[in-house]
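return atomic coordinates for the entry below.
(one chain, ligands or ions: 1)
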Amino acid sequence: MQYLPVFLDLKTGPVLLVGAGELVRAKLRVLLAAGARIRWFATDGNVDLAGLRDDHGQIQCVDGDPLSTDLAGVIAVLCAGAGDIGVAMSARARAVGLPVNVMDDLTHSSFIFPAIVDRGDVVVAIGTGGTSPVVARRVRERIEALLPARIGELASFIGEFRKTINPVIAEMPLRRRFWERIVDGPIGTLVLAGRKAEAEAALHGIGDPTAYAGADQAGRSEGHVTLVGAGPGDPDLLTIKALRALQDADVVYYDELVTPEILDRIRRDASRVPVGRRVGKPGIGQDAVNKLLIDAAREGKRAVRLKGGDCFVFGRGGEEVDALRKAGVSYAIVPGITAGLGAAAQFEVPLTFRSKALRITFLTAHKERDAEAVDWSVLTDTKMTVVVYMGMTAAPAVRAGLLAAGRSPQTPVGVFAKVTRADAQAAVGTLDQLPDLVARIDGGPAILIIGDVVAHSAPWRQQNLSRVIAQLLEPA
Ligand code: SAH
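Prediction:
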């Protein structure tokens, strides 16, 4: 983040605007909309205010030299174009610590203007650090399309009633929950549909706001645990439900597989507790995790248990659900994209394929011991794709098991590491090469996929192509 987005109250003092032309008039319009008082030095002498809708006399046109004008009380300086005047105004403003923007000139600006979505009380500012206004505009279009038209009205509706309702609900988390219910429930829907009077009537009809927020007899909110699958690493692969759980959480207990980009999507004020293994240190253990979840819920918190991939695929989700059930804690499960599916999509491995691959097996071979426990004889079917989790160290045992089960040493296999992350890696070859392929990878987590379908994968085709080209280039 190059710049911090903040919302500035421009009614507290005049903004100094220097320059003329269309860019300056566009800035005048934004400043007027934000209620600013503007001291304008129109450098071309043209102070035509037509089309600017300055109904409240916010613009004060000033003659004279902006370089010698008094800056006392001014809250920001805006200047058109680079030129000499921009550079000089920037130096003046900076000398007295005033925020300054020289249009289209990052070097001489201490703040820049975002692209803006303006829906009354709801304003979205989009920045690209000054790199690309076109990208900012495209993002704005998407947000415009996403936001309900009356979202600003919903915000003002809440603003109107907050002062009277908040003091009635003592606990902060309960208050948050109350307003979430309003926003997400029928009352919010009424406001968004433009039926404000009915919404108001419904709000007055609520009775006890604390009870509406879901508090128990003692006035405490009901705790809840959500097990959330975070997917294999790319934050864009979070489901919308997962995102909502992360945004609503009071506390998030997460594993070592969860990437920092995903942690960035957690509500900023939520506590984050790592409970997985960390650089050589073991995790706190399953019983301790179960206890943390139960305790958090009993304290009335909304806890999220965030795991890599999916919670129910080698994710200990089953154990946690058992414990929560036993403790009588309310819970929900949000599925995630498991690493095997992430690898398949990224590297184009169709896990099933018409008559060639009719079944899929997901198995784990964490240690040699796990690999020994696998009944390899059920994996003889050549029309079965085998996906192995935690199989890096046990790769020799996986190979031995599958060969002993009668799988051909020529069976295509792939090792796919850190899938869907920026540093993802793949190595493909045949079953007899499996340990060598693993050795080519710079570290996990990695998944193994074994079966004819690996020959359809992008890295396999790439490798074949390279081989053909090498042969063609070989001297006869
Ligand atoms: N619940 C997780 C699996 C946890 S077991 C899921 O559904 O994906 C941990 C194993 O998952 C790792 O040893 C590795 O085999 C696999 N894994 C997890 N994330 C991965 C990733 N980004 N790329 C490759 N493999 C991954």
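
okay, residue 210: pLDDT?
pLDDT recorded at residue 210 is 85.

right, and the helix or strand after the host helix or strand of it?
For residue 210, the element it lies in under DSSP states H and E is helix 209-212. The helix or strand immediately downstream of helix 209-212 is strand 224-229, counting by DSSP H and E.

which positions in the helix or strand just after that following strand come out as buried?
Using DSSP H and E, the helix or strand that follows strand 224-229 in sequence is helix 240-248. Residues 241, 242, 243, 245, 246, 248 are the ones in helix 240-248 that count as buried (16 or more other CB atoms under 10 Å). Placement of C-beta: from N, CA and C, glycine included.

closest to the ligand among the residues you listed?
Of all the buried residues of helix 240-248, residue 242 has the smallest distance to the ligand: 13.1 Å, by CB to the nearest ligand atom.

now do the contacts for that closest one.
Shown in contact with residue 242 (CB atoms under 8 Å, 6 or more residues apart in numbering): 228, 229, 230, 231, 334, 336.

apply 10 Å and report the result again.
226, 228-231, 235, 262, 265, 304, 306, 334-337 (CB atoms under 10 Å, 6 or more residues apart in numbering).

give me the buried subset of those.
226, 228-231, 235, 262, 304, 306, 334-337.

need the residues of the protein near the ligand, please.
232-233, 257, 307-310, 313-315, 338-339, 343, 389-390, 416-419, 421, 444-447 (CB under 6 Å from any ligand atom).

please, a PyMOL command that selects the buried ones among those?
Applying 16+ other CB under 10 Å to those, the buried members can be selected in PyMOL as follows:
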select buried, resi 232+233+257+307+308+309+310+313+314+315+338+339+343+389+390+416+417+418+419+421+444+445+446+447
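
mark which of the residues of the chain next to the ligand are part of helices, please.
Judged by DSSP state H, helices contain the following of the residues of the chain next to the ligand: 339, 343.

strands - which of the residues of the chain next to the ligand land there?
307, 389, 416, 417, 446, 447 (DSSP state E).

can I get those in TSV including pLDDT?
Converted to TSV, these look like this (pLDDT from 0 to 100):
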residue	pLDDT
307	97
389	96
416	98
417	98
446	97
447	97
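
OK, contacts around residue 460?
Residue 460 neighbours (CB under 10 Å, 6+ apart): 347, 348, 349, 412, 413, 414, 426, 428, 429, 453, 454.

just the buried positions in the strand or helix carrying it, please.
Per DSSP H and E: residue 460 is located in helix 458-473. Neighbour counts over helix 458-473 (16+ other CB under 10 Å) mark 459, 460 as buried.

report the distance from it to the chain centre.
Distance, stretch centre to chain centre, for helix 458-473: 38 Å (CA atoms, centre = their mean, to the nearest Å).

repeat for stretch 186-195
For stretch 186-195 - counting by CA atoms, centre = their mean - the centre lies 28 Å from the chain centre.

from residue 460, how far out is residue 403?
Separation of residue 403 from residue 460 (CB to CB, to the nearest Å): 20 Å.
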